[in-house]
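**Student:** Output the structure for:
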Amino acid sequence: MAKMIHSMIRVLDEARALAFYEAAFGLGVVERLDFPAFTLIYLANAETGFELELTVNKDRTEPYALGDGYGHLAVSVADLAAEHARMEAAGLAPRKIVDFAPDGAVIARFFFIADPDGYQIEVLERGGRYL
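**Tutor:** As a prediction, the model looks like this:
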């Protein structure tokens with residue numbers, strides 16, 4: 001059986017990306033691998049063993065085009081309203097909280113936030129299948 005261990009995204013500004021992921025999700029650097037043409041930075045927190053890999057290509061000067069294939073990363077939190085308020089207070093610009101109830105019963109509560117490179121992150125309240 002395969003075990004999911006990380007997801008990789010390319011970022012333009014390493015410092016800005018690290019500051020965002022620390023402030024928004026408490027992700028810190030687990031390992032940094034520096035090579036002549038690029039740097040790989042693995043981020044994680046105590047909530048999970050899953051890591052986010054940031055790739056910084058050293059010769060890159062233009063923002064990445066995300067294209068139409070990327071969807072989003074997702075994280076779960078215990079108190080959605082508190083996290084939303086905390087991110088707003090930190091100036092991170094989370095979008096509005098949504099109660100997703102396609103058949104009348106709420107099956108998920110969430111909001112989206114974009115990182116400095118435009119990657120979308122869904123923040124879900126823990127419950128049901130979103131633990």
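**Student:** name the element A85 belongs to?
**Tutor:** helix 80-89 (DSSP states H and E).
**Student:** Mind jotting down where the helices sit in this structure?
**Tutor:** Assigned by DSSP state H, the helices in the chain fall at 14-25, 80-89.
**Student:** Go ahead and name everything in contact with the shortest one.
**Tutor:** Applying Cβ atoms under 8 Å, 6 or more residues apart in numbering, the set of residues contacting helix 80-89 from outside is 23-24, 77, 93-94, 97, 109-111, 113, 123-125. Just so you know, the C-beta spots here come from the backbone N, C-alpha and C atoms, and that holds for glycine as well.
**Student:** so of the residues you listed, which ones are in strands?
**Tutor:** Residues of the contacts of helix 80-89 located in strands (DSSP state E): 77, 109-111, 113, 123-125.
**Student:** buried residues in stretch 12-25?
**Tutor:** Neighbour-count burial for stretch 12-25, counted by 16 or more other Cβ atoms under 10 Å, picks out 12, 17-18, 20-21, 24-25.
**Student:** Alright, that wraps it up for me.
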